[in-house]
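Undergrad: Sequence first, then the predicted structure, then my questions.
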Amino acid sequence: MNIDGAAIQAAVSAAHRDSAGDTGGKNASYIPYLASVDPALFGVSVVTADGGVFEAGDARFEFALESISKVFSMAVAMGDVGLEEFHDKVGADPTGEPFNSVISVVLHGDTPVSPLVNAGAMSTVSLIKAEGPDQRWDRILAAQGAFAGRRIQLSDAVNDSEQSTNFHNRAIAWLLYSGGTMYSDPMEACDVYTRQCSTLVTTVDLATMGATIAARGTNPVTREQVISDQSLVPPMLAEMTMEGLYTASGDWAYRVGLPGKSGVGGGVLAIMPGILAIAAFSPPLDPAGNSVRGLKAVAQIAEALNLNLYNAQ
Ligand code: GLN
């Protein structure tokens, strides 16, 4: 399937125009930095699996990657321990709970259920092979950069804001440890996880990161092979389908049909395998923690371009 560039640009521009006036939702406030970001910001971008870049609005504004980081650390950990061990230790089911719930850790002591909620993401970080937390962090940051095709940097402002308020995640890390599903020092894993959430990306970066997954692990702009093995890609997409948008994942699969991932910084990513990735950013969130404008824009672009994984032509 080859989509005409003019049609993509028209869909991106229309999605931006049609949701720009939507004032629904509220910035995340439990991380002080995120509460201070201008809620009017709104960027949309598409990057195709052959490297075409399309954008509208604030697509070059840098925002906190937050939970979307979970996807890229998952790729590193899957490559390190292999798909079977990753599945056994972390899981691949929807949790049915908010992203920071302790329920999955407490009820399912054998796995944290999904790598795309906070519990499973910290467990995932702890599985990444490294001599210590600094090397683990370096590998995660390098992976984010390779997916994006440029150096990605930590925001000290975001990181300080999160590290000084992340008591809930620290508690989850200790629960994982006591349940036997934390594979490094728990406070080190929580620290590295918090850093991976505190990097800055633009919507164009995010769409490029997604297009790298759409292109089976090779960054379509830099041509670097970023995911160690193509066989990791379908399970990554399955994880995104199951839990990428938290408690809204099932509704999203039903209505839109694209594996996705959101973050409380306001970023949203969706992937049509083999074709393209759609990214959007706008800070106000719905109660599930997904960007209101972001979800609308991504869904509109998918519909305009007739992209649905369950209706692949
Ligand atoms: N850093 C955030 C947290 O751990 C990420 C959550 C999110 O984006 N859903 O709470």
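TA: The structure has been received and is ready for your questions. Numbering: from 1, shown residues only.
Undergrad: Identify the residue nearest the geometric centre of the chain.
TA: With distances taken as CA atoms, centre = their mean, Ile68 lies nearest the centre of the chain, 1.9 Å away.
Undergrad: That one: what's it in contact with?
TA: Leu206, Met209, Lys261, Ser262, Gly263, Gly267, Leu269 (CB atoms under 8 Å, 6 or more residues apart in numbering). In this view, the C-beta of every residue, glycine as well, is placed from N, C-alpha and C.
Undergrad: how about Lys210, what does it touch?
TA: Slight slip there: residue 210 is Gly, not Lys. Under the criterion of CB under 8 Å, 6+ apart, the contact list for Gly210 reads Val47, Leu269, Ala270, Ile271, Ala277, Ile278, Ala279.
Undergrad: Apply 6 Å and report the result again.
TA: Remark: with contacts taken as CB atoms under 6 Å, 6 or more residues apart in numbering, Gly210 is in contact with Leu269, Ile271, Ala277.
Undergrad: from what I can see Ala279 touches Val201, true?
TA: No. With contacts defined as CB atoms under 6 Å, Ala279 does not count as touching Val201, sitting 8.8 Å away.
Undergrad: and for the helix or strand of the chain with the lowest mean pLDDT, what are the contacting residues?
TA: Least confident helix or strand of the chain, by mean pLDDT, DSSP states H and E, is helix 103-107 with a mean of 77. The contact list for helix 103-107 (CB under 6 Å, 6+ apart) reads Thr95, Glu97, Pro112, Val113, Ala119, Leu175, Leu176.
Undergrad: And the fifth one, how close does it get to the ligand?
TA: When distance is defined by CB to the nearest ligand atom, to the nearest Å, Ala119 is 10 Å away from the ligand.
Undergrad: Next: Ala248.
TA: Here the distance between Ala248 and the ligand works out to 12 Å (CB to the nearest ligand atom).
Undergrad: again, but for Leu309
TA: Separation of Leu309 from the ligand (CB to the nearest ligand atom): 23 Å.
Undergrad: Distance check, the closest residue in space to that residue that isn't next to it in sequence against the ligand.
TA: Nearest residue to Leu309, sequence neighbours excluded (CB to CB, 6 or more residues apart in numbering): Gly257, at 5.0 Å. As judged by CB to the nearest ligand atom, Gly257 and the ligand stand 22 Å apart.
Undergrad: sec struct for Asn100, please.
TA: At Asn100 the chain is in coil, as set by DSSP: H, G, I helix; E, B strand; the rest coil.
Undergrad: pretty sure it is touching Val117, no?
TA: No. If you go by CB under 6 Å, Asn100 and Val117 don't touch, sitting 7.4 Å apart.
Undergrad: of the two, who's got more company?
TA: Val117 (27 against 18; other CB atoms under 10 Å).
Undergrad: ok, now which ones touch the more buried one?
TA: Shown in contact with Val117 (CB under 6 Å, 6+ apart): Thr95, Phe99.
Undergrad: and Glu97, how many residues sit next to it?
TA: So Glu97, with other CB under 10 Å, has 18 neighbours.
Undergrad: Number the residues from 31 up from this point.
TA: Will do, 31 is the new start, and the previous item becomes Glu127.
Undergrad: how about the nearest residue to His138, chain neighbours excluded?
TA: Excluding the flanking residues, the one nearest His138 by CB to CB, 6+ apart is Gly121, at 7.5 Å.
Undergrad: Can you pull the residues of the stretch 181-330 of the chain lying near the ligand?
TA: Within the stretch 181-330 of the chain, the positions near the ligand by CB under 6 Å from any ligand atom are Glu192, Asn199, Cys227, Gly293, Val294, Gly319.
Undergrad: mind checking which helix or strand Val298 is in?
TA: Secondary structure assignment for Val298, by DSSP states H and E: strand 297-302.
Undergrad: Show the average pLDDT along that strand.
TA: Mean pLDDT, computed over strand 297-302, is 98.
Undergrad: what do you get for stretch 246-253?
TA: For stretch 246-253, mean pLDDT is 98.
Undergrad: Contacts only, for the residue in the stretch 131-280 of the chain that the ligand sits nearest to.
TA: Sorted by distance to the ligand under CB to the nearest ligand atom, the residues of the stretch 131-280 of the chain start with Cys227, at 3.5 Å. When contacts are counted by CB under 6 Å, 6+ apart, Cys227 touches Glu96, Ser99.
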